[in-house]
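*Asks:* build me a model:
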Amino acid sequence: MLSVPTLWTAFVINFLALGLIWAYVVRSYPSFDAARFWAASTFAAAAGAALATLRVVMTDSLSPLLAGGSVLIFAACLAAMGIERFFGRPVTWRATLLITGLSSAGLAFFIFGYDSMAMRISIYSIAQSLPLLLSLKLLLRPHDGRVNPGARLAGIVAILIIAIYGVRLVAGLAGAELSFAGVSPLQSALVLVLVFLSMALNFGFLLMAMDRLRNEVADLALLDDLTGVGNRRHLLRRLTEECARSVRSAEPFALLVIDLDGFKGINDTHGHAAGDACLQHFTLMAQTRLRPGDLLARTGGDEFCIVLPFSTLREGAMIARRVLEICRVDAEQCVGTDIPIAVSIGVAQWTPGIGAFPDRLIAAADHALYEAKKNGRNGYACFEPAPPLAAGLEIPARPEMDLRQRA
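*Replies:* You can find the predicted model right below:
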């Protein structure tokens, strides 16, 4: 027969080990707030189990069960607070203190006021299940269009834990006292299952943390270090998605290729720090003229691109004019050592001829950009395919394209 004190000792050791893991996560990722609550929860669970184990030594007192049960309930509430924080929900201590305080008072009453094991089991089971029950919706529902695999695991384990406490509650009310401090094979098995499920719940939390951190790293890989906008990898991924969508739906989208005029001269005259400041300032200005869903990306050096979903060439030209306008207004307001920023912009629209090849669209916008620079810079040009030839006319070996430039 399994020894209940041995199982509780294993419970303490396992949760101390989990606490050390969470403490390392907290130290390594200080901005990951949920880990703080989960670390505190594991250490509290270890302390609560250690207090409850003293019941074996102090057979004439139920005080260790009161203290241990209260701390274990507090640990469950801390775990639920970590789930709330993980999903960006505001965290308050009111519910935690209320659940812990009321359950502790109830346990104390049915220990010292009116001795009833059935009521103690009922109160403890409800208090342990309630925080997990309130967190199930967050664990199991999709967030940002997907379900976190670790959250799904934690949700399934939470359901199993709630089911076990539900069985204890029903059994206690029916007169079958399934105490965790008992020595029967069934009671020992219940403790063993709960030890396993409690560890599995924390493994679910660890998977949640790993998934979150992996996504953050993936996001950082798509951002430009200097300006904080998308980088070339992000641009190519987005263009590939937009081209595939347009192939399916025949809906157009537009691309702007932007180059800062005279940027090499800024670096040579004022230094690279001033050049970096100009890039950051242009990024802030351009973002004020974009719409929700538009993507601004820095593709290298002083070159930027703007992806305009569901936009025609005319709408792309309108955005180009807006960007030029804010740059010109800002340049007019420069005084002293301020550096005016001027840009040239090439505008192109996706067409069926481009298909699912983003490089063709980029090349078209680049041609328009070169035309804008050739015509005096600080302006924009649009790339428009030449109209189809009339029937019977000879088709040239290399079709010409019409580049229209606008100041």
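
*Asks:* check the secondary structure at residue 299 for me.
*Replies:* Following DSSP: H, G, I helix; E, B strand; the rest coil, residue 299 is assigned to strand.

*Asks:* now for the residue nearest to it when sequence neighbours are not counted: which residues touch it?
*Replies:* For residue 299, ignoring the flanking residues on the chain, the nearest one in space by Cβ to Cβ, 6 or more residues apart in numbering is residue 232 at 4.6 Å. Every C-beta, even on glycine, is put in place using the N, C-alpha and C of the backbone. Residues near residue 232 by Cβ atoms under 8 Å, 6 or more residues apart in numbering: 297, 298, 299, 300.

*Asks:* separate out the buried members of the residues you listed.
*Replies:* Neighbour counting with 16 or more other Cβ atoms under 10 Å marks 297, 298, 299 as buried within the contacts of residue 232.

*Asks:* dump those residues to TSV, plus distance to residue 137.
*Replies:* Below are the buried ones among the contacts of residue 232 laid out as TSV (distance: Cβ to Cβ, whole Å):
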residue	distance to residue 137
297	37
298	40
299	42
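
*Asks:* rebuild those residues as CSV, extending it with pLDDT and distance to residue 115.
*Replies:* Below are those laid out as CSV (pLDDT from 0 to 100; distance: Cβ to Cβ, whole Å):
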residue, pLDDT, distance to residue 115
297, 95, 70
298, 95, 72
299, 92, 75
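
*Asks:* tell me the pLDDT at residue 176?
*Replies:* Confidence at residue 176, expressed as pLDDT, is 63.

*Asks:* apologies, that question was intended for residue 199.
*Replies:* At residue 199, pLDDT is 89.

*Asks:* the residue nearest to residue 299 and residue 304, how far apart?
*Replies:* Going from residue 232 to residue 304 by Cβ to Cβ, to the nearest Å gives 11 Å.

*Asks:* so what sits against both of these two?
*Replies:* Residues touching both residue 232 and residue 304 (Cβ under 8 Å, 6+ apart) are 297, 298.

*Asks:* what stretches of the stretch 151-300 of the chain score poorly on pLDDT?
*Replies:* 175-184, 186 (pLDDT under 70).

*Asks:* show me the helices in it, by range?
*Replies:* Secondary structure of the stretch 151-300 of the chain (DSSP state H, counting those that start in this stretch): helices at 185-220, 232-249, 263-270, 272-287.

*Asks:* and for the stretch 1-150 of the chain?
*Replies:* Under DSSP H, counting those that start in this stretch, the stretch 1-150 of the chain gives helices at 4-28, 33-57, 63-86, 94-108, 117-140, 149-173.

*Asks:* so which of those helices gets nearest residue 324?
*Replies:* Checking these against residue 324 by Cβ to Cβ gives helix 33-57 as the closest, at 43.0 Å.

*Asks:* helices or strands next to that closest one in the packing?
*Replies:* helix 4-28, helix 63-86, helix 185-220 (3 or more Cβ pairs under 8 Å, 6 or more residues apart in numbering; DSSP states H and E).

*Asks:* any idea which of those is most buried?
*Replies:* helix 63-86 (a mean of 23; mean count of other Cβ atoms under 10 Å).

*Asks:* alpha carbons of that helix, in CSV - could you do that?
*Replies:* Only the C-alpha atoms of helix 63-86 are listed here, as CSV (Å, rounded to 0.1, in the frame of the first residue of the first chain):
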residue,chain,number,x,y,z
SER,A,63,-4.0,22.7,13.1
PRO,A,64,-1.4,21.5,10.5
LEU,A,65,-4.3,20.6,8.2
LEU,A,66,-5.8,24.1,8.7
ALA,A,67,-2.6,25.8,7.9
GLY,A,68,-1.6,23.5,5.1
GLY,A,69,-5.1,23.6,3.5
SER,A,70,-5.2,27.4,3.6
VAL,A,71,-1.8,27.7,2.0
LEU,A,72,-2.7,25.2,-0.7
ILE,A,73,-5.9,27.1,-1.5
PHE,A,74,-3.8,30.3,-1.7
ALA,A,75,-1.4,28.5,-4.1
ALA,A,76,-4.3,27.5,-6.4
CYS,A,77,-5.5,31.2,-6.5
LEU,A,78,-1.9,32.3,-7.4
ALA,A,79,-1.9,29.8,-10.3
ALA,A,80,-5.2,31.3,-11.6
MET,A,81,-3.8,34.8,-11.2
GLY,A,82,-0.8,33.7,-13.4
ILE,A,83,-3.2,32.5,-16.1
GLU,A,84,-5.1,35.9,-16.0
ARG,A,85,-1.8,37.8,-16.3
PHE,A,86,-0.6,35.5,-19.1
